[in-house]
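K.L.:
what's the 3D shape of this:
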Amino acid sequence: MLMIAECSSQVRQWETTVLANDPAIQRTQYMPGVGHHMWNGLDDNNDRAVAVITAFLQDKPAPLPNYPTRGEIPTFLRDQK
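P.N.:
Purely as a prediction, here's the structure:
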């Protein structure tokens, strides 16, 4: 699983390069509203991060859409401001 925070200071190409080139990644969880620290105690960020990780570890459906997929990488990069 690859988790991507929304933080605008992150270089999206790093995460999406890993996604594009590692066939072992079967789930991507984009975390809107989360900064460059997933575990920051703000709003419900900790709860959302733990829900994503717990579902993955328990092989349960993801609480968030599987986004971006490999095919959505160009759109994901273009749409990020």
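
K.L.:
Does anything pack onto the lengthiest helix in the chain? Which helices or strands?
P.N.:
Counting residues, the longest helix found in the chain (DSSP state H) is helix 45-57. Counting contacts by 3 or more CB pairs under 8 Å, 6 or more residues apart in numbering; DSSP states H and E, helix 45-57 packs against strand 2-5, strand 28-31. Just so you know, the C-beta spots here come from the backbone N, C-alpha and C atoms, and that holds for glycine as well.

K.L.:
would you list these in a markdown table and tack on mean neighbour count and distance to residue 55?
P.N.:
Output for the helices and strands packed on helix 45-57, formatted as a markdown table (neighbours: other CB atoms under 10 Å; distance: least, CB to CB, whole Å):
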| stretch | mean neighbour count | distance to residue 55 |
| --- | --- | --- |
| strand 2-5 | 19 | 12 |
| strand 28-31 | 20 | 9 |
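
K.L.:
Dump the ones you listed into JSON lines; add distance to residue 49 and mean pLDDT as well.
P.N.:
Shown next, in JSON lines, are the helices and strands packed on helix 45-57 (distance: least, CB to CB, whole Å; pLDDT from 0 to 100):
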{"stretch": "strand 2-5", "distance to residue 49": "7", "mean pLDDT": "89"}
{"stretch": "strand 28-31", "distance to residue 49": "7", "mean pLDDT": "92"}
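
K.L.:
out of those, nearest to residue 62?
P.N.:
strand 28-31 (6.2 Å; CB to CB).

K.L.:
Who are the packing partners of the closest one?
P.N.:
strand 2-5, helix 45-57.

K.L.:
The helix or strand following the shortest one: which residues count as buried?
P.N.:
Where DSSP states H and E defines the elements, the next helix or strand beyond strand 2-5 is helix 12-21. Residues 12, 15-16, 19 are the ones in helix 12-21 that count as buried (16 or more other CB atoms under 10 Å).
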